[in-house]
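Undergrad: predicted model and sequence follow; I will ask about them next.
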Amino acid sequence: MLLNSTSSYFILGAYMDTGNVRYVYFILTALLYISIVFVNTSLIVIICMNRGLHEPMYLFLCSLCVNELYGSTGMFPFLLLQILSDIHTVPASFCFLQIYCLYSYGSVEFFNLAVMSYDRYLAICYPLQYNTRMTFNKVAVLIAVTWIYSVLRIAVMISLTASLQLCGNIINKVYCDNYSIVKLACSDTTVNNIYGLFVSAFSVFGPLILIFYTYVKILKVCFSGSKQTRQKAVSTCTPHLASLINFSFGASFEILQSRFNMNSVPVMLRIFISLYFITCQPLFSPVLYGLKMSKIRNLCKSLLCWKE
């Protein structure tokens, strides 16, 4: 039966009947969401309210936290509702809206991390020229390009998917996923595949090349520089590198699950893998930056009236 994706609904087929255990899942998920909102909002407020943190590195971090609030809000309220629901149907319009939020979150996150690596490269390799190379206007442009490119790219992708004619409406995940909808298509998906291939290649390899280049340069400076230079590089690059690795693992797990048959993997493990990049990253990054960056750590201590 032909199904018009623009005026129908989808069924999320990965949910299981967990009985009263659902309330435990609901409480744990709600606590996780509250924690994400708290740590990201706290970091944004600390950066915005303290002029000493109005530096490029912290402004990029602020953009990262805003994006993580955006991405987690695109997932958690919906997830909490579905956990308590007995019928897991989603209107197509809302499904595409969720895809838009989650995919644009992932794109902004990756590009933001790439821009942050470029910022650290300038700070470590060109410390005397840093303020002239990384001006406030340049920071604003880099953040704007990161968001605008991601928003437009995903908008085109969604419009292409929404125009497909579908022969089914069951998505075997706990949230809406673009590739899962494309696989349901009866109509020709050549344009979708070509667009996805070229844009994804640019969106992945572009930031990866920039990140690889910057870290090669940083390592060269570390090996040839003083002990103080190495300590500065470690203290500023460690949270960024850890955040990058964490996000990359989560995104890779999600891509593998979308592209390959994972029926041999236990259902709960598949659900955890599919949610990892949108649940762990928004909590992991701000906590890590808050603990590793001395300025933020000291401000947090002073706000809580702690003594060094």
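TA: Nice, I can see it.

Undergrad: and Thr73, how far from Phe202?
TA: Going from Thr73 to Phe202 by C-beta to C-beta, to the nearest Å gives 27 Å. (Glycine included, C-beta is placed from N, CA and C.)

Undergrad: what does Tyr9 give?
TA: On the measure of C-beta to C-beta, Tyr9 and Phe202 end up 33 Å apart.

Undergrad: could you check the pLDDT of Glu308?
TA: Glu308 carries a pLDDT value of 46.

Undergrad: pLDDT below threshold where in the protein?
TA: Applying pLDDT under 70 to the chain flags residues 1-7, 225, 258-265, 291-308.

Undergrad: and if we set it to 50?
TA: Along the chain, segments meeting pLDDT under 50 span 1-7, 306-308.

Undergrad: run through the helices of it in chain order.
TA: For the chain, helices defined by DSSP state H occupy the ranges 21-49, 56-73, 76-84, 92-125, 130-133, 136-162, 178-182, 190-224, 227-259, 267-292, 294-303.

Undergrad: out of those helices, flag the one nearest Ile170.
TA: helix 178-182 (8.9 Å; C-beta to C-beta).

Undergrad: that closest one packs against which elements?
TA: When contacts are defined as 3 or more C-beta pairs under 8 Å, 6 or more residues apart in numbering; DSSP states H and E, helix 178-182 sits against helix 92-125, helix 136-162, helix 227-259.

Undergrad: any idea of the angle the longest one forms with helix 56-73?
TA: Pointing back at helix 92-125 there. The directions of helix 92-125 and helix 56-73 differ by 160 degrees, with axes from the mean of the first three to the mean of the last three C-alpha atoms, to 10 degrees as the criterion.

Undergrad: can you give me the offset of helix 92-125 from its chain's centre?
TA: 6 Å (C-alpha atoms, centre = their mean, to the nearest Å).

Undergrad: how close does the nearest residue to Phe78 once chain neighbours are set aside sit to Gly74?
TA: Excluding the flanking residues, the one nearest Phe78 by C-beta to C-beta, 6 or more residues apart in numbering is Gln98, at 6.2 Å. According to C-beta to C-beta, Gln98 stands 6 Å off from Gly74.

Undergrad: who's more crowded, the two?
TA: Between Gln98 and Gly74, Gly74 has the larger neighbour count (other C-beta atoms under 10 Å), namely 21 against 17.

Undergrad: now the more buried one: how far from Phe96?
TA: Distance of Gly74 to Phe96, given as C-beta to C-beta: 12 Å.

Undergrad: now Leu64
TA: Distance, Leu64 to Phe96, using C-beta to C-beta: 25 Å.

Undergrad: of these two, which one has the most company?
TA: Leu64 (28 against 21).

Undergrad: OK, contacts around that one?
TA: 109, 112-113, 116, 243, 285 (C-beta atoms under 8 Å, 6 or more residues apart in numbering).

Undergrad: what residues are up against His240?
TA: Applying C-beta under 8 Å, 6+ apart, we find His240 in contact with 113, 116-117, 120.

Undergrad: out of those residues, who has the most neighbours?
TA: Most neighbours among those, by other C-beta under 10 Å: Met116, with 25 neighbours.

Undergrad: skipping adjacent residues, who's closest to that residue in space?
TA: Among residues not flanking Met116 along the chain, Phe60 sits closest, at 4.8 Å (C-beta to C-beta, 6+ apart).

Undergrad: burial count for that neighbour?
TA: Phe60: 24 neighbours (other C-beta under 10 Å).

Undergrad: ok, now Phe10?
TA: By the measure other C-beta under 10 Å, the count of residues near Phe10 is 26.

Undergrad: got the contact list for it?
TA: 89-90, 92, 95, 169-171, 176, 181.
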